[in-house]
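A.B. asks: structure here, sequence nowhere to be found:
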């Protein structure tokens, strides 16, 4: 198949903050004079495209092909169209701005990017006739282009559509510059609708109607209305109400509130109208509808089309504690609603590929869904984003932002954590093969950033920690994260038999561990610098302590938790490991006590406040942080791995359950490469009744309370 490098556009005009240009639609007529053996098309639309063949939308999914820095990598989609061709064929391509030309991107310097341009199109139609003759038709100036009904589109800000633009003025397309990025065929799973939701409540606020859909997730609204020509209906989206009123502040930024918020506008034609925005999506629960009458404000007016990358289902968990079940549902909702091609921080305000967020969520995402192909594709973009020094940005894709602020070892760990978790959860080392050269460059870069004590203090630390006098210092979290990066890299280099970089990474890990122990760890008290929940939990979890120090270090962690009155006293780095450390050291009841603490800061505060997704932060509930973030979601990995005990480690699946006193029954299953592992337990007459379904070809142990045996013999 041909990945064409011939790009066309509608002209030099492109969207800016002051002037918004309609989305272009391109047309090419292809005549078939004899029978064909095979026909396919590869297409790249920058930013997004929709492909229509003879009036039928055959696009693989929404927001295709991908989101990328086109100066670094360009993704193409391929379609087999053999059975769809006729004698005369009308190919139409509708283009949207995407990240190639995002209006709302000025928040992160998107207006400064070198690759910003009007939307561009490349395609190659390859036809093999029955007589063996081959014909290739590529995008060029013979393609016709016109303005579509989409007056403006932006992935963050929304879309404006005029249903009355019935006449199109066609002109020849303009051949334009080819982006510098490497051409890559997309393997990412598509973005597809997951469910349709109807409003659970409608109420009036001033001259508008507020539609409540009952859950804060991600997608767009489908509008269905009988209207008069020219009626303008505006939809604005938010996550929460404040004092019962529509509240947009969690979806925007202080310095841009007048122009930066999620909204779609539709200009009606006469009669029945039905419209779904094409090149945007929003994170929301509530919709403010302006420009409609009382009679039009029915439940049938809006349908919430929920969509995300089609990740399928890989695992399940449920128990008899409804608080835990609710938190689990919130985690899965946040994970899906922030996954559009790759994991973003949130579905409303930024939609950026923050690297730490994905690293923190990769374990539970791989346990419950199938993101492997999308992780691999995103790793290509991550690798391409590395600069000459070996540093990585805090968001991918980027256009230069994120190297001076927003990165560091905890964020950059995504480069190793994604391939490591894929290896662990799928026994698949191929993701590591994609980025192994970039990883060794990165570890060598870290060597250049060490201070005179052989420690690191260069990036973001324990993000979103609630107010607490005890903090994990950046020098500790950075150095531990760097140790973990090098340690995991060494293991994966050994698996593929690449000994020299394995030894280099192992030596880096050994040396920085020794430096942490010398300068940031009191061997007498077994207290790490900062003396916080994060300090102790990370030091224990990542193996900075020796075995004979574990009890004292853990006892101090418990003492800190008691002083914090069983509240969350850590940021996202500590939150990733805290509950696992507690469970694996005999304190799973303490873990549950923190999780279900009814007062802030706690997970339970979100439940009690009526949130339906995980929030960005804890503490005082001021409503200013995002109310849909997934980087606190490793609790769902904790539920499967600790409460039900399913621990997947490359070619081994161990079963090591714990039984919290506040839970009387729990079950989980995981679709491993060997077959489904299913665990269910319940309390009965002061005993635990345990059921295990374990694949015959899998290897691992069953372990509980000192009893150990092969899991496939239970």
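C.D. replies: Yes, it's here. From a predicted model like this one, the values you see are computed outputs, not experimental measurements. Residues are numbered from 1 along each chain as shown.
A.B. asks: tell me the mean pLDDT over stretch 334-348?
C.D. replies: Taken as a whole, stretch 334-348 has an average pLDDT of 97.
A.B. asks: residue 294: neighbour count?
C.D. replies: 8 (other CB atoms under 10 Å). C-beta coordinates here come from the backbone N, C-alpha and C atoms, glycine included.
A.B. asks: kindly report the same for the one 10 residues further on.
C.D. replies: Applying other CB under 10 Å, we find 23 other residues in the vicinity of residue 304.
A.B. asks: thought it was touching residue 200?
C.D. replies: No: with contact defined as CB atoms under 8 Å, residue 304 does not reach residue 200; the gap is 10.4 Å.
A.B. asks: residue 426: what's it in contact with?
C.D. replies: 366, 372, 673 (CB atoms under 8 Å, 6 or more residues apart in numbering).
A.B. asks: output the contacting helices and strands for the helix or strand harbouring residue 383.
C.D. replies: Assigning secondary structure by DSSP states H and E places residue 383 in helix 372-384. Here helix 372-384 touches strand 73-80, strand 182-185, strand 342-343, helix 355-368, helix 414-426, helix 430-448, going by 3 or more CB pairs under 8 Å, 6 or more residues apart in numbering; DSSP states H and E.
A.B. asks: which residue packs closest to the residue most central in space within the chain, ignoring adjacent ones?
C.D. replies: Nearest to the mean C-alpha position of the chain, counting by CA atoms, centre = their mean, stands residue 343 at 1.3 Å. Spatial nearest neighbour of residue 343, chain neighbours left out: residue 358 (4.1 Å); criterion: CB to CB, 6 or more residues apart in numbering.
A.B. asks: could you measure from the one you found over to residue 294?
C.D. replies: Distance, residue 358 to residue 294, by CB to CB, to the nearest Å: 45 Å.
A.B. asks: contact partners for residue 535?
C.D. replies: Counted by CB under 8 Å, 6+ apart, residue 535 has contacts 470, 472, 476, 527, 528, 529, 574.
A.B. asks: and the two most separated of those residues?
C.D. replies: 527 and 574 (14.8 Å; CB to CB).
A.B. asks: neighbours around the residue nearest to residue 343, how many?
C.D. replies: Around residue 358 there are 28 other residues, counting by other CB under 10 Å.
A.B. asks: try residue 299
C.D. replies: For residue 299, using other CB under 10 Å, the count is 12.
A.B. asks: also residue 190?
C.D. replies: 18.
A.B. asks: so it makes contact with residue 61?
C.D. replies: Yes: the pair residue 190 and residue 61 qualifies as a contact (CB under 8 Å) at a distance of 2.5 Å.
A.B. asks: overlap in contacts of the two?
C.D. replies: Common neighbours of residue 190 and residue 61 (CB under 8 Å, 6+ apart) are residue 310.
A.B. asks: so what are the sheet partners of the helix or strand bottoming out on mean pLDDT in the chain and their directions?
C.D. replies: In the chain, the helix or strand scored least confidently by mean pLDDT, DSSP states H and E is strand 707-710, which has a mean of 83. The pairing partners recorded for strand 707-710 under DSSP bridges are strand 701-704 (antiparallel).
A.B. asks: which residues does the residue nearest to residue 567 when sequence neighbours are not counted contact?
C.D. replies: Leaving aside its sequence neighbours, residue 567 sits nearest to residue 601 (CB to CB, 6+ apart; 5.3 Å). Residues in contact with residue 601 (CB under 8 Å, 6+ apart) are 466, 467, 567, 568, 569, 618, 619.
A.B. asks: same question for residue 683.
C.D. replies: Residues counted as contacts of residue 683 (CB under 8 Å, 6+ apart) are 659, 664, 665, 689.
A.B. asks: got the residue ranges for the helices in the protein?
C.D. replies: With DSSP state H as the criterion, the chain has helices at 322-337, 355-368, 372-384, 409-412, 414-426, 430-448, 474-495, 499-519, 533-541, 550-563, 572-584, 588-595, 603-608, 635-638.
A.B. asks: and residue 656, how many neighbours?
C.D. replies: For residue 656, using other CB under 10 Å, the count is 19.
A.B. asks: dihedrals phi and psi, it?
C.D. replies: Backbone torsions for residue 656, taken as degrees, to the nearest 10, come to phi -140, psi 80.
A.B. asks: dump the residue contacts of it.
C.D. replies: Going by CB under 8 Å, 6+ apart, residue 656 touches 645, 647, 701, 702, 703, 704.
A.B. asks: please repeat the previous calculation with a cut-off of 6 Å.
C.D. replies: Contacts for residue 656 (CB atoms under 6 Å, 6 or more residues apart in numbering) come out as 645, 647, 703.
A.B. asks: next one, pLDDT for it please.
C.D. replies: We have a pLDDT of 96 for residue 656.
A.B. asks: next: residue 452.
C.D. replies: pLDDT recorded at residue 452 is 96.
A.B. asks: kindly report the same for residue 678.
C.D. replies: Confidence score, pLDDT, at residue 678: 97.
A.B. asks: list the contacts of it.
C.D. replies: Taking CB under 6 Å, 6+ apart, we find residue 678 in contact with 669, 693.
A.B. asks: please apply the same query to residue 39.
C.D. replies: Contacts for residue 39 were tallied using CB under 6 Å, 6+ apart; they are 81, 82, 85, 127.
A.B. asks: if we can go back for a sec, tell me which of the contacts of residue 683 fall in strands.
C.D. replies: 665, 689 (DSSP state E).
A.B. asks: take the contacts of residue 39 and write them to JSON lines, including pLDDT and distance to residue 228.
C.D. replies: As requested, those are exported to JSON lines (pLDDT from 0 to 100; distance: CB to CB, whole Å):
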{"residue": "81", "pLDDT": "97", "distance to residue 228": "40"}
{"residue": "82", "pLDDT": "96", "distance to residue 228": "45"}
{"residue": "85", "pLDDT": "95", "distance to residue 228": "41"}
{"residue": "127", "pLDDT": "96", "distance to residue 228": "47"}
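A.B. asks: can I get the buried part of those as one PyMOL selection?
C.D. replies: Here is the PyMOL selection string for the buried members of the contacts of residue 39, based on 16 or more other CB atoms under 10 Å:
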select buried, resi 81+85+127
